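Enquirer: heads up, no residue letters with this:
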């Protein structure tokens, strides 16, 4: 999975509430997104690329049989020691 990196702008701000963020994704052209917060940028970009829903029983049967592992989103948030 590609990693999206957001970089704070280095030029003048558009307005006190909004900034223009550059979104970089490996192997893709950079995107400029105007938003009030980096999280809003990530939500906007992710919505263009991904959809999320609760897995159905058929999804689980098919994907687990295809050796797709269940990932734990909390594992990424825990500090590494």
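Expert: Happy to help now that I have it. Since we're looking at a predicted model, the values are computed, not measured.

Enquirer: Who are the packing partners of the lengthiest helix in the chain?
Expert: Longest helix in the chain by number of residues (criterion: DSSP state H): helix 38-49. Applying 3 or more Cβ pairs under 8 Å, 6 or more residues apart in numbering; DSSP states H and E, one finds that helix 38-49 contacts strand 4-7, strand 19-25, strand 31-35. C-betas here are computed from N, CA, C, even on glycine.

Enquirer: For whichever helix or strand comes after that helix, which outside residues touch it?
Expert: Once helix 38-49 ends, the next helix or strand along the chain (criterion: DSSP states H and E) is helix 57-65. With contact meaning Cβ atoms under 8 Å, 6 or more residues apart in numbering, helix 57-65 is reached by 55, 70.

Enquirer: one more time with 10 Å
Expert: Applying Cβ atoms under 10 Å, 6 or more residues apart in numbering, the external contacts of helix 57-65 come out as 53, 55, 56, 68, 69, 70.

Enquirer: Next, the third one: phi, psi?
Expert: Here the main-chain torsion angles of residue 56 (degrees, to the nearest 10) amount to phi -80, psi 170.

Enquirer: In contact with it, which residues?
Expert: Going by Cβ under 10 Å, 6+ apart, residue 56 touches residue 62.

Enquirer: what about it, distance to residue 68?
Expert: The gap separating residue 56 from residue 68 is 14 Å, by Cβ to Cβ, to the nearest Å.

Enquirer: Can you list the low-confidence ranges for this structure?
Expert: 1-16, 76-81 (pLDDT under 70).

Enquirer: Look up the closest residue to residue 44, ignoring the ones flanking it.
Expert: Once flanking residues are discounted, residue 44 sits nearest to residue 33: 6.0 Å by Cβ to Cβ, 6 or more residues apart in numbering.

Enquirer: Pull the contacting residues for that neighbour.
Expert: Shown in contact with residue 33 (Cβ under 10 Å, 6+ apart): 6, 19, 20, 21, 22, 23, 40, 41, 42, 44, 45.

Enquirer: Which ChimeraX command selects the buried ones in these?
Expert: Selecting only the buried entries of the contacts of residue 33 in ChimeraX, with 16 or more other Cβ atoms under 10 Å as the criterion:
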select :19,21,23,41,42,45
